[in-house]
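> Fold the stuff below for me.
(one chain, ligands or ions: 1)
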Amino acid sequence: MSDDLYAVVGNPVSHSKSPRIHSLFAAQTGEPVEYTAIQAPLDGFAETVTGFFERGGRGLNVTVPFKEQAWAMSDRRTWRAEKAGASNTLFIDKDGQLNADNTDGAGLVADLVKNHGVTLAGKRILILGAGGAVRGVLGPLLAEQPETLVIANRTPAKARVLAGLFADDAGDTQLRGCGFDEPAEVFDLIINGTSASLQGELPPLAPAVIGPATLVYDMMYSPDTTTFNRWALSNGAKAAMDGLGMLIEQAAEAFAIWRGVRPDTAPVIEALRDRVG
Ligand code: NDP
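Residues are numbered from 1 along each chain as shown. Purely as a prediction, here's the structure:
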């Protein structure tokens, strides 16, 4: 019997680590999974998705720039996808409906809590950026009930809009949006969800947000310490983490949704870290 077919759809997509990650998950769990990468034309995402499922495909991951389109074309959405306004995980359910989930936030929280032993409950968290990645993780972060969650962005209005959008999910957490120049207090955890590191740039943040116990997490990953993490460490941060674990944890969450089996991520993070490094 042939393997069940899965893929990641993006444009470009050749750089994606998802095929390697899911192949390692399949080998580890013994699940009959074949996972490929599909580059959809920029104006042909919906046709690519429809064609894939018509050919018997079982599930898709979706990456830049199609996550919002995946959300828009779906028939059903989980709460976390609904709030994220974007989807990175698609599948057809037993009623033949296209389901959208978003596993990025669960991936970030799993990497922080499970892999790095970071407690989020009751903590003061600063998150930088107000793009798709940050919107995708706010729901799962708020579910951990931090004391404070400040969203700071280059365009402050976008941070305020996001804070408003998640006000109903905040519970007792003090949630607010602002510009980079506003936060002046020390945070327990600072998460960089901007794409500034991709250009080797830094969000212009006051070093006063970093204290001796501050942890930093850059959603970006690279073989070398990222620009943001270097800046934080040189300003006294206790430790710095990058986003490779988040990438692998969001993939594990998708694999568990599709297959009902949760892979062990530790050996996969190790294998990818060797390869990245
Ligand atoms: P978007 O393009 O949606 O948003 C980019 C954000 O970065 C905006 O808030 C933008 O501010 C800000 N920004 C861009 N350039 C600069 C700069 N030079 N200085 C300060 N702020 C800047 O991108 P995404 O949200 O999709 O992705 C953000 C990052 O998260 C990327 O590095 C991506 O690789 C990473 N990511 C990692 C994942 C993982 O699994 N590890 C998963 C998803 C994303 P403004 O609003 O003012 O334009």
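
> who's in contact with Asn115?
Gly245, Glu249, Thr265, Ala266, Ile269 (C-beta atoms under 8 Å, 6 or more residues apart in numbering). To be clear about C-beta, it is placed using only N, CA and C from the backbone, and glycine gets the same treatment.

> in the host helix or strand of the second one, what counts as buried?
With elements delineated by DSSP states H and E, Glu249 resides in helix 244-259, which encompasses its position. If you call a residue buried by 16 or more other C-beta atoms under 10 Å, then helix 244-259 has these buried ones: 244-259.

> And the residues you listed, which is closest to Pro203?
Met246 (18.5 Å; C-beta to C-beta).

> Now do the closest one against Ile38, distance only.
Using C-beta to C-beta, to the nearest Å, Met246 is found at 23 Å from Ile38.

> Contact distance from the ligand - what residues of the stretch 1-150 of the chain qualify?
Within reach of the ligand by C-beta under 6 Å from any ligand atom, the stretch 1-150 of the chain has these residues: Asp104, Gly107, Gly129, Ala130, Gly131, Gly132, Ala133, Val134.

> Against Asn192, how distant is the residue in the stretch 1-150 of the chain positioned nearest to the ligand?
Distances between the stretch 1-150 of the chain and the ligand by C-beta to the nearest ligand atom are smallest at Gly131, namely 2.0 Å. From Gly131 across to Asn192, the span is 12 Å (C-beta to C-beta).

> Give me the more crowded residue out of those two.
Set side by side, Gly131 and Asn192 show more neighbours around Asn192, with 30 against 16, by other C-beta atoms under 10 Å.

> can you pull the contacts of the spatially closest residue to Arg259 that is not a sequence neighbour?
Closest residue to Arg259 apart from its sequence neighbours, by C-beta to C-beta, 6 or more residues apart in numbering: Glu31 at 5.1 Å. Counting by C-beta under 8 Å, 6+ apart, Glu31 touches Asp4, Phe25, Phe255, Arg259, Val261.

> Go ahead and report the secondary structure state at Glu31.
coil (DSSP: H, G, I helix; E, B strand; the rest coil).

> For the one helix or strand Ile151 maps to, which helices and strands make contact with it?
Using DSSP H and E, Ile151 falls within strand 148-152. Here strand 148-152 touches strand 124-128, helix 132-143, helix 156-165, strand 174-178, going by 3 or more C-beta pairs under 8 Å, 6 or more residues apart in numbering; DSSP states H and E.

> Check Leu198 and give its pLDDT.
Note on Leu198: pLDDT of 81.

> Could I get the contacting residues of it?
Taking C-beta under 8 Å, 6+ apart as the test, what Leu198 contacts is Met220.

> for it, phi and psi?
For Leu198, the backbone dihedrals are phi -60, psi -30 (criterion: degrees, to the nearest 10).

> Against Leu60, how distant is it?
From Leu198 to Leu60 the distance is 24 Å (C-beta to C-beta).

> what ranges do the helices span in the stretch 1-150 of the chain?
Taking DSSP state H, counting those that start in this stretch to define them, one finds helices in the stretch 1-150 of the chain at 18-29, 45-54, 67-73, 79-84, 104-110, 132-143.

> so how far is Arg135 from Leu128?
From Leu128 to Arg135 the distance is 13 Å (C-beta to C-beta).

> for Met73, that is, sorry about that
18 Å.

> quick revisit: CSV for the helices and strands packed on strand 148-152, including distance to Pro19, mean pLDDT and mean neighbour count?
CSV is the format used below for the helices and strands packed on strand 148-152 (distance: least, C-beta to C-beta, whole Å; pLDDT from 0 to 100; neighbours: other C-beta atoms under 10 Å):
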stretch, distance to Pro19, mean pLDDT, mean neighbour count
strand 124-128, 29, 98, 24
helix 132-143, 21, 96, 23
helix 156-165, 32, 98, 17
strand 174-178, 36, 98, 18
